[in-house]
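K.L.:
here you go, sequence then predicted model.
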Amino acid sequence: MNSVWISPVPGLPEIASGASLPTLIVEGIGGLGMSLESGDVVVITQKVVSKAEGRVLSLDRVHPSPRAIEIGQRIGFDPRHVEVILSESVRVVREAPRVLITETRHGFVCANAGVDRSNTGGKELVVMLPEHPDESARRLRETISKLSGASVGVVVSDSFGRPWREGQVNVAIGAAGVVVLRDYRGRHDPAGYELQGTELGVADELASAAELVMGKLDRVPVALIRGASVSGDGSVQALLRDPATDLFR
């Protein structure tokens, strides 16, 4: 059984569109007196990835549709924010005061399609999810590995709420160079019982563990995980349950 070590990577500046995240991350890890090793996993919050990719929008430029105005009035939400949420969604799953649960174009079911107004860099700014989070993770991994000389994994994380449980946890919305699911079906426990439905969401576990050292208000958007032994190849799309087998759709 391996020991797993997790460290925050502090000191990154406010990220603007076009910023070289890989360079900043490698320099930040160097500032800890460390260097990346093959097998390490770098967990990066979605917000800084989105900012670097220019996925930031000023609400001053948004003209809400009649539908957005109607929904905004009904749930007590800024209609401009609602309009951006609708533009990022394929369907609205549920409405509640000041929140919309939607299915995004990526297939994620989450609050407000991941469109966030906190820690955006401006009161009237919203940050949207990356267009293609797995591709974002792949590009980040390629450049970080090239800069560091180490074959690392990358997980892009975001905070999601959970049905039936209080409290948000960080989950993976993009991944590269890591095992995303670990399938134990068909294996046997020590008593000889054959496991029938055990699949562990490894990428989500990495994202959630990393949040413990990032902190929600500490402005630490990157964490380094060492010793997890999760190198592999997978896509976060594998974590999205097929509607045909989803008992709650």
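P.N.:
Arrived safely.

K.L.:
what about the closest residue to residue 117 other than its chain neighbours, which helix or strand?
P.N.:
Leaving aside its sequence neighbours, residue 117 sits nearest to residue 126 (C-beta to C-beta, 6 or more residues apart in numbering; 5.4 Å). For the C-beta atoms, the positions are set from N, CA and C on the backbone; glycine is no exception. Assessed by DSSP states H and E, residue 126 sits inside strand 125-127.

K.L.:
model confidence over that strand, on average?
P.N.:
For strand 125-127, mean pLDDT rounds to 96.

K.L.:
equivalent analysis for stretch 30-43, please.
P.N.:
96.

K.L.:
ends of that stretch, what's the gap?
P.N.:
16 Å (C-alpha to C-alpha, to the nearest Å).

K.L.:
in that stretch, which residues are buried?
P.N.:
Within stretch 30-43, the residues scored as buried using 16 or more other C-beta atoms under 10 Å are 36, 39, 40, 41, 42, 43.

K.L.:
tell me how far the closest residue to the fifth one other than its chain neighbours lies from residue 231.
P.N.:
It refers to residue 42. In this structure, residue 42 finds its nearest non-sequential neighbour in residue 154, 5.2 Å apart by C-beta to C-beta, 6+ apart. Separation of residue 154 from residue 231 (C-beta to C-beta, to the nearest Å) stands at 12 Å.

K.L.:
between the two, who's got more neighbours?
P.N.:
residue 154 (28 against 15; other C-beta atoms under 10 Å).

K.L.:
and the more buried one, how close does it get to residue 214?
P.N.:
Residue 154 is 15 Å from residue 214, by C-beta to C-beta.

K.L.:
and for residue 43?
P.N.:
From residue 43 to residue 214 the distance is 8 Å (C-beta to C-beta).

K.L.:
find the residues that touch each one of these two.
P.N.:
Taking C-beta atoms under 8 Å, 6 or more residues apart in numbering as the criterion, residue 43 and residue 214 both touch 222, 223.

K.L.:
send me the helix or strand containing residue 140 as PDB with only the CA atoms.
P.N.:
In the assignment (DSSP H and E), residue 140 maps to helix 133-148. Taking C-alpha atoms only, helix 133-148 is exported to PDB below (Å, rounded to 0.1, in the frame of the first residue of the first chain):
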ATOM      1  CA  PRO A 133     -12.000  20.200 -20.200                       C
ATOM      2  CA  ASP A 134     -10.400  16.900 -21.200                       C
ATOM      3  CA  GLU A 135      -8.600  18.600 -24.000                       C
ATOM      4  CA  SER A 136      -7.600  21.400 -21.700                       C
ATOM      5  CA  ALA A 137      -6.100  18.800 -19.300                       C
ATOM      6  CA  ARG A 138      -4.300  17.100 -22.200                       C
ATOM      7  CA  ARG A 139      -2.700  20.300 -23.400                       C
ATOM      8  CA  LEU A 140      -1.600  21.300 -19.900                       C
ATOM      9  CA  ARG A 141      -0.100  17.800 -19.300                       C
ATOM     10  CA  GLU A 142       1.800  17.900 -22.600                       C
ATOM     11  CA  THR A 143       3.400  21.300 -21.800                       C
ATOM     12  CA  ILE A 144       4.000  20.700 -18.100                       C
ATOM     13  CA  SER A 145       5.700  17.400 -19.000                       C
ATOM     14  CA  LYS A 146       7.800  19.100 -21.600                       C
ATOM     15  CA  LEU A 147       8.900  21.800 -19.300                       C
ATOM     16  CA  SER A 148       9.700  19.500 -16.400                       C
END
